[in-house]
Each structure stands twice: as C-alpha cells, then as structure tokens.
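Trainee: I'll drop the sequence and a predicted model, then ask my questions.
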Protein chains: 2
Amino acid sequence: MSKRFQIVGIGNAMVDVLSNCEDAFLATNGIGKGIMQLIDMERAVDLYSRVGPAKEMSGGSAANTIAGAAQLGGRVAYVGKVRDDQLGAIFAHDLRAQGAVYETTMSPATEGAETGRCIVLVTPDGERSMNTYLGWSEFLGPDDVDASMMADAEWIFLEGYRFDGPDSHAAFAKAIAATKGAGGKVSITLSDPFCIDRHRDAFAKMLVEDVDLLFANRVEIMSMYQTDDLDTALARAAKEVAIVACTDSENGAHIVVGGDRWHIPAVATQVVDATGAGDLFAGAFLWALTNGYEMETCGRMACLAASEVISHLGARPEADLRKLFADHGLI
Amino acid sequence: MSKRFQIVGIGNAMVDVLSNCEDAFLATNGIGKGIMQLIDMERAVDLYSRVGPAKEMSGGSAANTIAGAAQLGGRVAYVGKVRDDQLGAIFAHDLRAQGAVYETTMSPATEGAETGRCIVLVTPDGERSMNTYLGWSEFLGPDDVDASMMADAEWIFLEGYRFDGPDSHAAFAKAIAATKGAGGKVSITLSDPFCIDRHRDAFAKMLVEDVDLLFANRVEIMSMYQTDDLDTALARAAKEVAIVACTDSENGAHIVVGGDRWHIPAVATQVVDATGAGDLFAGAFLWALTNGYEMETCGRMACLAASEVISHLGARPEADLRKLFADHGLI
C-alpha cells in the first residue's frame, strides 16, 4: 500500500473537562454511571457549575484513536468540527502536535454552538461518567468530508457516536463510498450501548454492507446482536464483518476473523481513569494492522495501549507506546 | 478574629498550558530553563504551535495559593482579571469550585487581550520553564480592588509578578491601605529573581513599610538583599519584616521571626512537576498561621503541601491536604 494515510478517523471533536467526584454526586445530579449521556448547553453550564476543579484535555473518541496511532508514528488524519474559539484551538493544536493531519475550517465563534465538550466525572473506582455537549461537532455533514482524503486512506475509522448528528449518516455514506471506491477499508466503533439503542438499524445495515472491521466492547456487541451470550454475538458479528475486535474489560479482548479466534489477556494495571481505553485499543490495533503485524500481535498491542491510557487521567497516551511495545517484545 | 476572610490573594489570573518537552526544545526555542518569562500574544501563538499536546489547568501564582488554602477549608478570596472567554470561565470555575470567593466582572471578549495563559514546559527532571502571556490580567488596577473586601481580610497576599502591570502598584497600594486601616496584615511573595531585578526598589520600599510576612525562595531572597549568603539575606529580611518564610528546595524551608529561627526539613517526594511548590507552601502557611498553629507547625504544613503539589502535574493540590496533615500528626 502506498496511500497517504493509514487511518482517517471521523468523529465528535471534543475537549474533555475532567473532574473527580464521589458516587453520591452522580446520584444527586441524575448522572448515569459509566455511560455517555448527551446534554444541551443549558445543562452543560449548570452541571459545570456544580463539579469541582477540573482539567481540560483534548478528547473525542475517534480523535483519541487517531492521536494514539499518530503517537505510534502512523500516517493519520482526523475529520471533526470545532468552532473558532479557545477550546477549538486547543483541540486542533493537540491533534496536530501529536502528528495527525487535521485540516478544518473553523467557523467564527460569534454565534451558535461552541466547540463541543465532555464533562467527564471520574469516581474513585476509575470509572468515568460522560456528559457530552456536542456543540458544533453535531453539525458534521457531507461537506466536511473530503472524498479525495478518504480515497487516500487505507482504513477509515468511524465513531458510532456521530450517528447522533442529523447530517452525519450522509457524511459517513460519502466517506465509505470514497474509501471503498479507491480500495480502502472501513472500520467502526459502536461507541456505547445507548448509542446502539438509538441507531440499531443503521448500524446493522452498515455492518452487513460496509464494515470490514468492527470495534466494540462486550456489552455493546451483545446489545448490537440482541443476545446475552458473548460467544453468540461474536459468532454472528464474524459472519457479517471480516475482523471483529471485542474488548472485554479485565478479561482482555477477543479477536475473531472468520473461523479463527484469539483471546488476548488484559495487561494488569492500576485503573486511574478508564476514559479512552477503547479508543486507544482501536488506535493501536489499526496501527498494528496497517503495519502488517499478525492478528494476535495487533490484539496484544491494542491491550497494552489500552492499559497505558487507563493508568492516568486523560484519554490520550502519555507514555511512549512504541517503547511499551518494545519492552513487551512485540516490536 | 472574626473577619470574613482569612486570606485574600491578588495576582495574575492564568490558565496553565502544560506540556512535556526535552531540554533541547528549550534551547532551540530560546526559553530560559526554570524561570518565568513574559511573552506577547504573537510569541504565545508561535510557541504554542511548536509545543506538543498539552493539558489546560487553572494556575496563577496567588490563585494557586488561594486554591490551596480553600481546599484546606480556609475562608479565602481572590482578585485577578480574566476575560469573558472560555479560558476565563475555566479559571473562574476552578477557583469557585475549590471554595474560594471570586467576584469579578468579566469584560466582553470581543476585542483586546484574552485571558492570560502560561505555557509551562516540563522537562524530564520535573523543572518547569514558564512562558507567560499576561493578557487581560495585566490591566489589574485600583478599580479592581474592593476596599471593603480588603478591610475584611486578616491577611492579604500579594503576588510579586503583578508588579509587571502598569496600574498594579496603585492597586497594591490601595489594597494595603484598606487592609492595614482595618487591622489586617500584608504578605507578599517575591515570585522570581528576574521579577525582583525589574522591581527591586519598589519591593524594598514595600518590605520596609508595609509587609508583615515575606515569602521567597533561597535565590529570590539573596537577590532581593543582593548578597550571596543566605544567612545574611535572612537576617536582613528579619529586621524589616515580622515573619520571613524562605523555601530552600530539597533543603526544606527557613522561618525567621525576629531572633527566632526554625529550619523545616523538606518532605521527600518524587518530583513530577515543580509548578506551584512555592504557591502551595504559602497557601498552607497562611492557612495554618490564621488558624493559630505554632510557627514550626505552619512551616511543616507548608512543606507538606509543597511536596504534594510537586508530586503530580499541575499547580493545585489533588490529595486532601487536611488528611495529609493528619497523617503526619499535625492536626
């Protein structure tokens, strides 16, 4: 392959606002633990006024994936919308500084939605409860997708969360057509069980028709295939999608390719903040896959990257992932 | 005492932009290691484009001091100027969420300087090199100082860095007069040896006439009194100022009150980011002093708080400082 990009990600451009809290705070404020919930600007302002001191770090699921692959030295790009405001500048800076291509025309911030943000409440157990104000990222549509960039991608990576935007189905369709038309492949993450409930039919159609690599966690894939048995869900997914990469928390991950299946053990670590685990799993997996590593090695690298990102606050890698892989004899 | 506030801090309102770099990056970009350097907006934009992915956290020297005292449960307030922009909202939120009173009229952000920020480059040794764009905080003047708030303060805490603003000498004079007129006391931090070089005469006059408690580190106090002998500097300072609290890096701190002197050993810790060590030393010291602890205990609490803040990235405390003091048998 000699395409310009190994991976192009499309998703919600977000700055994370990370704050620690006790479990009681979640209950008092009606926040579902461990899930992503969409909030409007009014709720975002109100909730922000209640949370403790915070730290701001670039986030966004697909953006974290791309940042991880970029840190590994991958040739990657990202598509997502921010406003021309300070949070937008922070988001753009952090992706570019990590080595990703991020070309976006930032709309003036004088009116309308601001750059999206996610108030991430981290409880003492390291679990994160996400409150997402989509802001300007909600309006990602076909015009934001550059067909020539997609044609120059070995893989595109679609964030399931983006199904919550009105024009984003069309944007994804345009990206898929351009990518596949030029011989590229399509990966997607289901993002969240509630996201699946909102868009099950659209996901199902896409999995059958378009997707070459499915990322999901245990709960998501069972929700997708409406079964309470993981093996059943994995088997059904493997009939529809060439590669299935399913994370399973402390039980590691399962990779299924047709009739072949690998169980990858998790890498033990102290969980500080679970944010970004799935994102970095996907970033490292795609980087490894596009660099020609064997499937099991892809899975091991992915689990290692996930373990790194949950060992500290924030959804992007801090340790040198290549060094981490080398320390484990993988490269 | 039954004043509303134990401590009111006045200083540069800043959001820190923290990024890791190697020493070579500092040299290549003409950044003095371990010091604070003022930069203009053009340089701020250029430098930001060169640094790696960053994290944004509220900072500002006196604001960190106040945040520390607030976390300890102190009755505290802060005076400093931010703009009505996203970084200004972050700064205001974090202080209020910590429990500090922060009343400011944020000017509309449609024109002029933005909220100040400090690009903090952290090298592998934990040393921090600060590049400060003062922004709107530079324009703190007498109108920003509420005399009735100062009259309601047991102590005010003045940030030496603020001497770099055109109207801030007048603001400090107003604050000092209102505080002293109501029986309150004045503390100041010298902030930085280069800051002392810029304002030595003004500092000298204030130390003799107004200051009841001087915070400085070893280098600063020797610079202030233009001697290369720490004991000489401490003795001279103690003749001018009732309480001298001088930090001395891994050698701990020295407290001098007239003819009495205490050496407080440092608390051993792994230095991750030295940002905020002096700020938290001052915050805990003032909190302890206004709660009636003995001088040596004030010093020990101050050194403990400093050790906490340098053990992680960011200039504000993350661990529960009261619990830390209790674990060391101080409360």
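Mentor: Perfect, thanks for sending it.
Trainee: Show me what the one helix or strand A:Ser129 maps to is packed up against.
Mentor: Assigning secondary structure by DSSP states H and E places A:Ser129 in strand A:128-133. Helices and strands in packing contact with strand A:128-133 are listed as strand A:36-38, helix A:41-50, strand A:116-122; criterion 3 or more CB pairs under 8 Å, 6 or more residues apart in numbering or on different chains; DSSP states H and E. For the C-beta atoms, the positions are set from N, CA and C on the backbone; glycine is no exception.
Trainee: For it, which strands pair with it and how are they oriented?
Mentor: Partner strands for strand A:128-133, per DSSP bridges, with pairing direction: strand A:36-38 (parallel), strand A:116-122 (antiparallel).
Trainee: would you turn those into a markdown table with mean neighbour count and mean pLDDT?
Mentor: Putting these into a markdown table (neighbours: other CB atoms under 10 Å in any protein chain shown; pLDDT from 0 to 100) gives the following:
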| stretch | mean neighbour count | mean pLDDT |
| --- | --- | --- |
| strand A:36-38 | 17 | 92 |
| strand A:116-122 | 25 | 96 |
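Trainee: In CSV, list those along with distance to B:Ile310.
Mentor: As requested, those are arranged in CSV below (distance: least, CB to CB, whole Å):
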stretch, distance to B:Ile310
strand A:36-38, 34
strand A:116-122, 22
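Trainee: closest one to A:Arg128 among the ones you listed?
Mentor: For those, the distance to A:Arg128 is smallest for strand A:116-122, at 5.1 Å, taking CB to CB.
Trainee: Just the residues contacting the closest one, thanks.
Mentor: Applying CB atoms under 8 Å, 6 or more residues apart in numbering or on different chains, the set of residues contacting strand A:116-122 from outside is A:12-21, A:25-26, A:31, A:36, A:39, A:44, A:47-48, A:51, A:54, A:59-60, A:82, A:87, A:128-138, A:272-273, A:275, A:313.
Trainee: Provide a list of residues in contact with A:Phe5.
Mentor: In this structure, A:Phe5 makes contact with A:75-77, A:101, A:149, A:152-154, judged by CB under 8 Å, 6+ apart.
Trainee: Look at the nearest residue to A:Lys180 once chain neighbours are set aside and give its secondary structure.
Mentor: By the measure of CB to CB, 6 or more residues apart in numbering or on different chains, the closest residue to A:Lys180 outside its immediate chain neighbours is A:Val186, 6.8 Å from it. The three-state label for A:Val186, taken from DSSP: H, G, I helix; E, B strand; the rest coil, comes out as strand.
Trainee: Run through the bridge partners of A:Val186.
Mentor: Applying DSSP bridges to A:Val186 yields these beta-bridge partners: A:Ile156.
Trainee: pLDDT score for it?
Mentor: A:Val186 carries a pLDDT value of 98.
Trainee: isn't it right up against A:Ala177?
Mentor: No: counting by CB atoms under 8 Å, A:Val186 sits too far from A:Ala177 to count as a contact (10.1 Å).
Trainee: Compare these two (neighbour count), which wins?
Mentor: When neighbours are counted by other CB atoms under 10 Å in any protein chain shown, A:Val186 comes out ahead of the other of A:Val186 and A:Ala177, with 23 against 15.
Trainee: ok, that one - contacts?
Mentor: Under the criterion of CB under 8 Å, 6+ apart, the neighbours of A:Val186 are A:155-156, A:158, A:176, A:179-180, A:210-213.
Trainee: Could you do A:Ala237 as well?
Mentor: Residues in contact with A:Ala237 (CB under 8 Å, 6+ apart) are A:207, A:214, A:216, A:221, A:224-225, A:244, A:246, A:256.
Trainee: cutoff 10 Å now
Mentor: With contacts defined as CB atoms under 10 Å, 6 or more residues apart in numbering or on different chains, A:Ala237 is in contact with A:207, A:211, A:214, A:216, A:221, A:224-225, A:243-246, A:256.
Trainee: Can you tell me which of the residues you listed lies closest to B:Ala69?
Mentor: The nearest member of the contacts of A:Ala237 to B:Ala69, counting by CB to CB, is A:Ala216 at 47.4 Å.
Trainee: And that closest one, what's its pLDDT?
Mentor: 97.
Trainee: OK, contacts around the residue nearest to it when sequence neighbours are not counted?
Mentor: Leaving out its chain neighbours, the residue that sits closest to A:Ala216 by CB to CB, 6+ apart is A:Leu190, at 4.3 Å. Contact partners of A:Leu190, counting by CB under 10 Å, 6+ apart, are A:159-161, A:163, A:196, A:199-200, A:203, A:207, A:214-217, A:219-221, A:223-224, A:246, A:278.
Trainee: Helix or strand next in line after the longest helix anywhere in chain A, which one?
Mentor: Longest among the helix segments of chain A by residue count, using DSSP state H, is helix A:193-209. Read in the C-terminal direction, the helix or strand following helix A:193-209 is strand A:213-217, with elements assigned using DSSP H and E.
Trainee: so what strands line up beside that next one?
Mentor: strand A:185-189 (parallel), strand A:243-247 (parallel).
Trainee: what's the angle from the last one to helix A:193-209?
Mentor: What it means is strand A:243-247. In this structure, strand A:243-247 runs at an angle of 170 degrees to helix A:193-209, with axes from the mean of the first three to the mean of the last three CA atoms, to 10 degrees as the basis.
Trainee: what are the phi and psi angles of the residue nearest to A:Ala216?
Mentor: According to degrees, to the nearest 10, the main-chain angles of A:Leu190 amount to phi -80, psi -20.
Trainee: likewise A:Asn20?
Mentor: On the backbone of A:Asn20 - angles per degrees, to the nearest 10 - the values are phi -90, psi 150.
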